[in-house]
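[1] got a structure for you, letters missing:
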């Protein structure tokens, strides 16, 4: 347990340094990309005086270093500034849009684990036979096309030609679920409304599946490759010689050691989904942070860009820390090597 | 395996049943979409979505007359004009969504707030010298200089509930704090026929009928409206086909509009307020020679340009242009005098130009966010090549475009913009484009400096009678054609695909059209079949 704690503290320390670096970098980059944020925010009809007034109000007439120090001072008070895109505090925007994206990627991540890993196990277990071929085709299909292509294809098939899933949004009209966590699946359960809960699942199914497909393919292929390698290990042969059932060998001796690389990839995919979710969110009109992030970049909304990137970076780091911890828990060698240090 | 299939089938069935078992909505709901964000604060509103929200949640002192020029009373019962002073008598018995009565103090506050925030359409009210509440029903506005189209500007002045805003001032500099900006970004405080019940600027705004509205609302008008933001074309197409959407935005690609029209959707339109302009930088050789500009204007293939905008046999996103002022707007040329390509004239003009086309490469820019402009750029490249001009097509993001046009040296030879009259009056369309005091904006990449144009623009905004103004604009139209700073490619015709259950006279019958972008979306005038 002490070793795991040491891993955690070490990762937290480096994460803070990474976040400071990211904030400096994105703060500078956002300010050098072409376009005057004040002009974009005020719209095409604003006069030069109005634009200048806003530039002064945003401190854009000051050196970048001074602007950054002011940003850090405000950040220390939990203030990420105002968004020029929505005219609201950035923190309020993030608090509103982040849960929708997190909910989407949690469900997509769950699908990656629940579908990708078993598919990989099946492929390895039936290596060279038709289930292996089938899984390979599914995996290649998932990996070869980006999420937004799948989003459009899934929408066309399951919402247009076979209208069994909803096209857009998070909840059917007519439901009124009070916001507690921002996760509608959770909030609908907290509200004791099973019909709303089913509606949220109904709405999230297609976007989450579209987002997860690539990860499902990767997880399946990686799990298969690692399990196939493990199946050739002497300890598996020994287990067979003891006459243990094949499913027990698969889950206990072949799958567990193969899980570590798969877990690492799933962790990375999980974090990358925060960025990739944009087009899926756009196709399914999912009011999430990824869509917000892209819109604010296009509009050069400086505060919102920095805020969004910081939150996504933090999420990326948190997921990686969790993966590191899980790996340490699963793999005794990693645990012991940490302890040895 | 059978058990798995059975379980999955049961789950799907249960899902479908539960979803189908939703209580049938007793209300009629209108669903439409626009580009994000939906800005609810009327003092910050600029885009189409903002206008739609503004015209439904708020009211203005006057409204554009339907089907023709001029304005009719709305919150103002009547008005008198004495030189630079405008005196309005307000309608009695109008209440805000909060229940507060609408008074002259609210009008004064609305102007002061708009000017203080300095955003949105505040530029229309910089000439207001003073505004005072003479009594609860009388407002006097004095301008610092003569400005005849001021009545038209008032269609961009929504009246806000002073008491409600004052009770919700947020932190900010000075006594008035943020002038209620945070408060009005999340809810409506107007007298409008609809009030906001939920608002997420990136996702959707939900409005419902105001039962206390001071005018009758059509029986079949929607009870509830969902204005969604940022729907993708594929999503809109699927939703409309499934009957889960009612009116699309005007930003759909022509192919999608065509597919929807072929699939049974009706097409609604709004026109007469703007046009598509091909702007020539009059300061850069060879376009600093008027004859070269005239040659390009004559060589441009207007007919093919219009075909690019064609959606169906009956509908196009453009209408033939007759000059600088869109057909239907005050001062425009007759509809039958359309512009057309004339290569003989083009060659004659070129012969008079002091530059040799072979010595110059024209930079033709198109705005990255408006893909259709690339097609016009290609058309121009082909057209102008016939005169011997080489050209280079450059894709410029909007943010960069606004920077490039700030100086004549960095402004491309040729720029393309869609522009509208913000108030429906030609002054707000032409003055920012052509007056020499307004150089360096996205509207004026011509950098035109012509004393006669300046004089006529001033005359257009100061002449006392409609006849005198019309004469000024007719002369201006002629002069602008003469200096050929712009190619008037086509008049804009905004098209919207709509569910056939929607009846929207202001968007389908010219006799009911408002001549102001977004006002056709006054939900109170629509009819939604059950």
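    Arrived safely. Treat the numbers as computed from the prediction; the structure is a model and nothing was measured.

[2] Give the other helices and strands that the helix or strand residue B:116 falls within contacts.
    In the assignment (DSSP states H and E), residue B:116 maps to helix B:104-117. Helix B:104-117 sits against strand B:85-90, strand B:128-135, strand B:138-143, helix B:162-166, with contacts defined as 3 or more Cβ pairs under 8 Å, 6 or more residues apart in numbering or on different chains; DSSP states H and E. Where you see a C-beta, it was placed from the backbone N, CA and C, and this is true even at glycine.

[3] Next, the angle from the first one to strand B:138-143.
    Which is strand B:85-90. Angle, strand B:85-90 to strand B:138-143, by axes from the mean of the first three to the mean of the last three Cα atoms, to 10 degrees: 150 degrees.

[4] Leaving out chain neighbours, which residue sits closest to the closest residue to chain B within chain A?
    For chain A, the residue closest to chain B is residue A:35, as judged by Cβ to the nearest Cβ, at 2.5 Å. Excluding the flanking residues, the one nearest residue A:35 by Cβ to Cβ, 6 or more residues apart in numbering or on different chains is residue B:399, at 2.5 Å.

[5] any weak-confidence spans in chain A?
    A:1, A:43-45, A:332-341 (pLDDT under 70).

[6] What residue spans form the domains of it?
    Recorded structural domains for chain A (assignment: automatic domain parsing) are A:2-76, A:93-298.

[7] Next, count neighbours for residue B:137.
    16 (other Cβ atoms under 10 Å in any protein chain shown).

[8] how much space between it and chain A?
    32 Å (Cβ to the nearest Cβ, to the nearest Å).

[9] Could you do residue B:419 as well?
    8 Å.

[10] Now for that residue: which residues touch it?
    B:274-275, B:277, B:429, B:433, B:443 (Cβ atoms under 8 Å, 6 or more residues apart in numbering or on different chains).

[11] Redo those residues as JSON lines? Include neighbour count, distance to chain A and secondary structure.
    Shown next, in JSON lines, are the contacts of residue B:419 (neighbours: other Cβ atoms under 10 Å in any protein chain shown; distance: Cβ to the nearest Cβ, whole Å; DSSP: H, G, I helix; E, B strand; the rest coil):
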{"residue": "B:274", "neighbour count": "21", "distance to chain A": "12", "secondary structure": "strand"}
{"residue": "B:275", "neighbour count": "28", "distance to chain A": "15", "secondary structure": "strand"}
{"residue": "B:277", "neighbour count": "25", "distance to chain A": "13", "secondary structure": "strand"}
{"residue": "B:429", "neighbour count": "24", "distance to chain A": "11", "secondary structure": "helix"}
{"residue": "B:433", "neighbour count": "25", "distance to chain A": "12", "secondary structure": "helix"}
{"residue": "B:443", "neighbour count": "21", "distance to chain A": "7", "secondary structure": "coil"}
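
[12] still on that earlier bit, please identify the buried residues of the helix holding residue B:116?
    B:104, B:106-114, B:117 (16 or more other Cβ atoms under 10 Å in any protein chain shown).

[13] how big is the angle separating that helix from strand B:85-90?
    130 degrees.

[14] contact partners of helix B:104-117?
    Contacts for helix B:104-117 (Cβ under 8 Å, 6+ apart): B:43-44, B:61, B:75, B:88, B:90, B:96, B:120-122, B:125-126, B:128, B:131-139, B:141, B:157-162, B:165, B:176, B:179-181.

[15] Any of the residues you listed buried? List them.
    B:43-44, B:61, B:75, B:88, B:90, B:96, B:120-122, B:125, B:128, B:131, B:133, B:137-139, B:141, B:157-162, B:165, B:176, B:179-181.

[16] quick one on the thing from earlier: now the helices and strands packed on helix B:104-117 in CSV, with mean pLDDT?
    Listed next are those as CSV, based on pLDDT from 0 to 100:
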stretch, mean pLDDT
strand B:85-90, 98
strand B:128-135, 97
strand B:138-143, 98
helix B:162-166, 97
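
[17] If you count neighbours, what's buried in the helix or strand containing residue A:153?
    Assigned by DSSP H and E, residue A:153 falls within helix A:147-155. Using 16+ other Cβ under 10 Å as the test for burial, helix A:147-155 gives A:147-148, A:150-152, A:154-155.

[18] Residue B:255 - how many residues pack around it?
    11.

[19] Look up which helix or strand it falls in, please.
    Per DSSP H and E: helix B:254-262 holds residue B:255.

[20] okay but residue B:29 is in contact with residue A:173, surely?
    Yes - at 7.1 Å, residue B:29 and residue A:173 qualify as touching, with contact defined as Cβ atoms under 8 Å.

[21] Next, show the common contact partners of those two.
    Residues touching both residue B:29 and residue A:173 (Cβ under 8 Å, 6+ apart) are residue B:226.

[22] who's in contact with the residue in the stretch 251-400 of chain B that chain A sits nearest to?
    Chain A sits closest to residue B:399 of the stretch 251-400 of chain B, with a gap of 2.5 Å, by Cβ to the nearest Cβ. By Cβ under 8 Å, 6+ apart, residue B:399 lies in contact with A:34-36, A:39-40, A:300.

[23] do the same with residue A:305
    Contacts of residue A:305 (Cβ under 8 Å, 6+ apart): A:26, A:30, A:293, A:296-297.
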